[in-house]
Each structure stands twice: as C-alpha cells, then as structure tokens.
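**Q** Sequence first, then the predicted structure, then my questions.
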Amino acid sequence: MMEIKNLHANIGEKNILKGLNLCLEKGKVHVIMGPNGAGKSTLSKAIVGHYDITVTEGDIFYKGESIVEEAPEMRALKGIFLSFQNPVEIPGVSNAYFLRTAVNAKRKFEGKEELNAAEFLREAKRLAQELGMKPELITRSLNEGFSGGEKKRNETLQMLMLEPDFIILDEIDSGLDIDALRAVSEGINKIKDENRTFLIITHYSRILEYVKPDYVHVLKDGKIVKTAGPELVAELEEKGYTALEEF
Ligand code: ADP
Ligand code: MG
Ligand code: MG
C-alpha cells in the first residue's frame, strides 16, 4: 500500500526525519511507538503533505505512485487520511459543513453521487450515536470547545464517513477515558478490512488490546530502528526505548 524510502524531512531548518524506511502492507495494522520528539507526528504530516514539513530527500510511494510532489488535497482524495494528534479548532466553520464538503469531494473524485444535506446528516448522526457523540457536536463549529475525547470521537467520525484506504491515527488514544477509548477502537475495527491499511501511533498498549496490530515499529531519532510483531509492545513497556540496542 505504501513504501517510504530514505525519507529526510525538515520542519523549517530543523532536520527531523533522517533516512526513514517503512513498508506498510495492504490490509494490515502497523503500529509506531517511540520516544517523545522522535518524529512520529512529523512522519504522519509528511505522508499527508502538511505544509509545515519539507521533504529534502527520499520518496513516498502510495499504491505504486510517488506522492511527495502531490498537494495534500489530492492525497486526501486518493484515500490518505490523518487523524491529527492535536485537531485544529475552526470557529465559524460548522463541523457538518466541513465534513460534508470533504466527503462529497472524495465521492465526486471516485465518480460516486454526492450526498445531499439530509442524506449526509442522517448518516453522520447515525455514526455519531454509535460513537457516543452528542448529536449537537455535528452542527457546532469544528472542534471549537470540544473536549479531548469529543475531538478524538469526531476524528473517528471523519474517518468512518470518508472511508479512506490509508488511515493514520496519531495518538488518537491519548487522554481518552475508558468509554471513549472503546468507542474509538470500535470505530477502527468497524472499517478495518483487507483493503485498508492502518498506521497507529501510540504510547500505550491499552488501545492495542482492542485493535490488534500486525507489525510494531519503533521510531527513534528520525528513523525506524526496529520492526517486529505485537510481542514487541510488552517488551517495550518492560524495558523502555533506551534499552533498545540490547534487544
Ligand atoms: P513526536 O510526534 O515523535 O513526539 P514530532 O514529530 O512532533 O515528535 O517532533 C519532532 C521534533 O520536531 C521535536 O523535536 C519537536 O520539538 C520538533 N518540532 C515539531 N514541530 C515543530 C515546529 N513547528 N517548529 C519547530 N520544531 C518542531
Ligand atoms: Mg509527542
Ligand atoms: Mg507526536
């Protein structure tokens, strides 16, 4: 689904990703763990083409084609989705308007019929209810005054409505209470299938009790330094990242 080759990326003048290689398979759940400041969010932003990030060397292939020169909007239309670690608040833009615009742009790109306001709202409310979201959150300004849990449930709603093929979840589980974690995890499992790839960035094994990973990668100092199966999570929890060389 995606191959990242020798990726070097900067934020401003600062070099963050330092020759990162990663192969992400179709139908699999990949987990990235790693110390604070290692470059996990930078990697997720580089994949979606976020303007803060400058790729200076290397390439990202998605479904066989290089996307590093592609605008973020095009990457989204092609099915790449990122749930941000810190979702932005956009006062004055309603959540429903924002999401319907994104959903319909993607449907149009795929040659599908667009959803009218009523169809969209029916579906959004149905999914919001499944996620334990207050229905009023759909019509409020995007993320404005949303609690941490409400933002992450809303990111999950976006994911379910957009039905992307490549889904990056950057610390979607951080700061969630037990019910929110379960709701978000159920959302993930609901659309997990053999045609989608998940890249889940997390610090905690808790979410991985609900969503079973196929591969676990460790990102340290701008590179992937270890790849293993799910058993690596317990090993990391026990030994930490500093002991990694001794594994
Ligand atoms: P992680 O998600 O692994 O915790 P990040 O990718 O967010 O790490 O950050 C990697 C490094 O880039 C950190 O040292 C961080 O301080 C730095 N960084 C992140 N955003 C910016 C920014 N906007 N300006 C300057 N440095 C940044
Ligand atoms: Mg961090
Ligand atoms: Mg981060």
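**A** Thanks, I have it. Ligands and ions are numbered 1, 2, ... in the order given.
**Q** What's the end-to-end length of stretch 220-230?
**A** One end of stretch 220-230 sits 18 Å from the other (C-alpha to C-alpha, to the nearest Å).
**Q** Using neighbour counts, pick out the buried residues of that stretch.
**A** 220, 222-226 (16 or more other C-beta atoms under 10 Å). Using the backbone N, CA and C atoms, a C-beta is placed for each residue, glycine as well.
**Q** Among those, which one lies nearest to S205?
**A** K226 (16.1 Å; C-beta to C-beta).
**Q** So which bits of the protein are right by ligand 3?
**A** Proximity of the chain to ligand 3 (C-beta under 5 Å from the ion) is limited to residues 40-41, 85.
**Q** farthest-separated two in the buried residues of stretch 220-230?
**A** Checking the buried residues of stretch 220-230 with C-beta to C-beta, the most distant pair is G222 and K226, at 14.1 Å.
**Q** Can you point out the helix or strand that includes the residue nearest in space to the middle of the chain?
**A** By C-alpha atoms, centre = their mean, the mean C-alpha position of the chain lies nearest to I168, the distance being 2.1 Å. Per DSSP states H and E: I168 is located in strand 166-170.
**Q** what mean pLDDT would you report for that strand?
**A** Mean pLDDT, strand 166-170: 97.
**Q** What of stretch 136-153?
**A** Summarised as a single mean, pLDDT over stretch 136-153 is 94.
**Q** For it, list the C-alpha coordinates in PDB.
**A** Listed next in PDB are the C-alpha coordinates belonging to stretch 136-153 (Å, rounded to 0.1, in the frame of the first residue of the first chain):
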ATOM      1  CA  GLU A 136     -25.100  18.700  18.600                       C
ATOM      2  CA  LEU A 137     -21.400  18.300  18.000                       C
ATOM      3  CA  ILE A 138     -22.200  17.800  14.300                       C
ATOM      4  CA  THR A 139     -23.700  21.200  13.900                       C
ATOM      5  CA  ARG A 140     -21.300  23.100  16.100                       C
ATOM      6  CA  SER A 141     -18.100  24.900  14.900                       C
ATOM      7  CA  LEU A 142     -15.400  22.400  14.000                       C
ATOM      8  CA  ASN A 143     -13.700  21.200  17.300                       C
ATOM      9  CA  GLU A 144     -14.400  24.600  18.900                       C
ATOM     10  CA  GLY A 145     -14.700  24.000  22.600                       C
ATOM     11  CA  PHE A 146     -14.700  20.200  22.100                       C
ATOM     12  CA  SER A 147     -13.200  18.200  24.900                       C
ATOM     13  CA  GLY A 148     -10.200  16.000  24.200                       C
ATOM     14  CA  GLY A 149     -12.500  12.900  24.000                       C
ATOM     15  CA  GLU A 150     -15.000  14.700  21.800                       C
ATOM     16  CA  LYS A 151     -12.300  15.800  19.400                       C
ATOM     17  CA  LYS A 152     -11.000  12.200  19.100                       C
ATOM     18  CA  ARG A 153     -14.500  10.800  18.600                       C
END
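**Q** Okay, buried residues for it please.
**A** So, applying 16+ other C-beta under 10 Å, buried residues of stretch 136-153: 137-138, 140-143, 146, 149-153.
**Q** Sheet-wise, list the partners of the host helix or strand of I200 with their directions.
**A** Secondary structure assigned from DSSP H and E places I200 in strand 197-201. Taking DSSP bridges as the criterion, strand 197-201 forms sheet pairs with strand 29-33 (parallel), strand 166-170 (parallel).
**Q** chain center to whichever helix or strand comes after the first one: distance?
**A** Read that as strand 29-33. For strand 29-33, the following helix or strand on the C-terminal side (DSSP H and E) is helix 40-48. Centroid displacement of helix 40-48 relative to its chain, using C-alpha atoms, centre = their mean, to the nearest Å, is 9 Å.
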